[in-house]
Structure formats: structure tokens, C-alpha cells
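J.: would you be able to build a 3D model of this:
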Amino acid sequence: MTKLSVNINKIATLRNARGTNLPNLIEVAKDFERLGAEGITVHPRPDERHITYQDCYDLKPVLTTEFNIEGFPNPSFMKLVLDLKPEQVTLVPDPPGVLTSNAGWDTVKQKEFLKEVIQQFKAAGIRTSIFVDTDLVNIKNAVDTGTDRIELYTGPFSDHFSKGKEAAIAPFIKAANLAHELGLGINAGHDLNLENLHYFKNNIHGLLEVSIGHALICDALYLGMEKTMANYLICLHSKR
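T.: Next comes the predicted model:
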């Protein structure tokens, strides 16, 4: 069963726009869990323009599902994760100031750096995942970093889905099959939505978890949280 982890960054963006506590990030996270989310994802960035580091400390004691913290492993991020010991940390190669995550790790050039970082997280009992594209070389070398999982960057799949879903999914099938053969767990995220999620999930062998934020929050504006969550869970759990 593929788990749905809801990324709540956009809720924090809305809250921060007015400098108040509306919407209440903690209560929204709890509502998503109540409505079936099997995890909550946050991605604090150095400028704290949406999720703040304090948000992460506030969320940890109240969440009842998996807590996934994403980010670039600079010293402050590493301290945060080692302090909180979430169930999963997802390492993303975001340069400073990037609008959103838009590329995976080069696991050849950055292998030694990732190995050192991952060793520290795994010593603390934290499951690790690293953000990668479908380049088979990067997936092969991901094994040597010591990571438990990879998270497939699905932006290109979403971009090309309407032009031809078979062609859009093909490199992801190859990448996932290789990861499975190598013993890596498989997560996925970025621009997955109600139009493409079911097709992606049903074609990716061994997909353990998807992280979805932007599209899900946008759908909730029109459909409401309850119906939106039900629709996303149907996409993931329906075989048809």
C-alpha cells in the first residue's frame, strides 16, 4: 500500500502572509491526519519563508503518523533533524533561494558528502531518503551513499503527462525497477495530482510513499479538505 504524506508548506505560506496564526498549521496537520494522511511532510528552508524551524519543533509531539522533514543538509538543518528524530529525513539538493525543489542529487559527484551526512542520521535511527532524477547512474550510485530510500523527482513526469503518459512514465519505470533490484525503497514527489497520480502509482513497482503538497492544497480550496483527501487516497489505493 502506497502511503500519502501531505506536504503542508503551502499552509505555512498562507499563514505567514498576514503574520498571524491563521490558518493554524498544527490544527491543519492534525486534520489531514484525521482525514487519512499517513504522513506529514515539511520542508523548512534557510529563509523560513513558509515552514519555520519552530514549526517543526511544534509539530513533532502532536503528530500521530510519520513525520518527514525535507531539506538541504546544512548545519542548522542537520541539528534540527537530529534534535527531533523524525521517522524520515529526505535530503534535497536545494541551492539557497530556490523557489521549489527542481532537481535530484548527483550521487557521483556528491557521494562522499551524502555518505557522511547519511551516516549521522542513520546512527540516530532516522530513515533516510534522497531526492533523485531517473538517471540510472545516479540511482546506482545512491546505494553507495547508504540511503534507505530514494525519492523520484516527478516534475518531468507531470510536465509530459498530457502529451503522452506512456512516454512520460517510461523512464520512471526503469528507474524504479533498478532501485527495487538494488534494494532501495522508492518514494516519489513533485507535481503529482489527481490527474496523474493513479497512473503513476499503478505503473511504479514497489512505490512506498508519495509526498504531495501544492496540488493537494489547491484542490482543497475548491473541493474542501475531506473530499480532496478522499480523492487522493482513492488514487493511491484503487487498482482500477
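
J.: for residue 140, what are its contacts?
T.: Contact partners of residue 140, counting by CB atoms under 8 Å, 6 or more residues apart in numbering, are 178, 182. Where you see a C-beta, it was placed from the backbone N, CA and C, and this is true even at glycine.

J.: gap between it and residue 178?
T.: Going from residue 140 to residue 178 by CB to CB, to the nearest Å gives 7 Å.

J.: again with residue 203
T.: Residue 203 is 15 Å from residue 178, by CB to CB.

J.: need the pLDDT of residue 98.
T.: Note on residue 98: pLDDT of 53.

J.: now do the same contact list for the closest residue in space to residue 35 that isn't next to it in sequence.
T.: Nearest residue to residue 35 in three dimensions, chain neighbours excluded: residue 229, at 4.0 Å (CB to CB, 6 or more residues apart in numbering). Residues in contact with residue 229 (CB under 8 Å, 6+ apart) are 32, 35-37, 216.

J.: over to the nearest residue to residue 91 once chain neighbours are set aside. Which of the three states is it?
T.: Nearest residue to residue 91, sequence neighbours excluded (CB to CB, 6+ apart): residue 130, at 4.8 Å. Under DSSP: H, G, I helix; E, B strand; the rest coil, residue 130 falls in the strand class.

J.: gap between residue 130 and residue 201?
T.: 21 Å.

J.: who's more crowded, those two?
T.: residue 130 (28 against 18; other CB atoms under 10 Å).

J.: show me what the closest residue to residue 127 other than its chain neighbours bridges to in the sheet.
T.: Sequence neighbours aside, residue 88 is the residue nearest to residue 127 in space, at 4.6 Å (criterion: CB to CB, 6+ apart). Using DSSP bridges, the bridge partners assigned to residue 88 are residue 68, residue 127.

J.: what's the helix or strand for the spatially most central residue of the chain?
T.: Nearest residue to the geometric centre of the chain (CA atoms, centre = their mean): residue 211, 3.9 Å. Following DSSP states H and E, the helix or strand that holds residue 211 is strand 207-212.

J.: who does that strand pair up with?
T.: strand 3-7 (parallel), strand 185-189 (parallel).

J.: from residue 104, how far out is residue 150?
T.: Applying CB to CB, the value for residue 150 to residue 104 is 8 Å.

J.: same question but for residue 203, I mixed them up
T.: Distance, residue 203 to residue 104, by CB to CB: 19 Å.

J.: could you do residue 78 as well?
T.: Counting by CB to CB, the gap from residue 78 to residue 104 is 20 Å.

J.: of those two, which one has the most company?
T.: residue 104 (23 against 17).

J.: does the more buried one count as helix, strand or coil?
T.: coil.

J.: can you offset everything so residue one is 454?
T.: In the new numbering, first residue 454, that becomes residue 557.

J.: that one: what's it in contact with?
T.: Counting by CB under 8 Å, 6+ apart, the residues that residue 557 touches are 546, 583-586, 588, 591, 606.

J.: show me where pLDDT drops low in the protein?
T.: 548-555, 693 (pLDDT under 70).

J.: rerun that using 50 as the cut-off
T.: 552 (pLDDT under 50).
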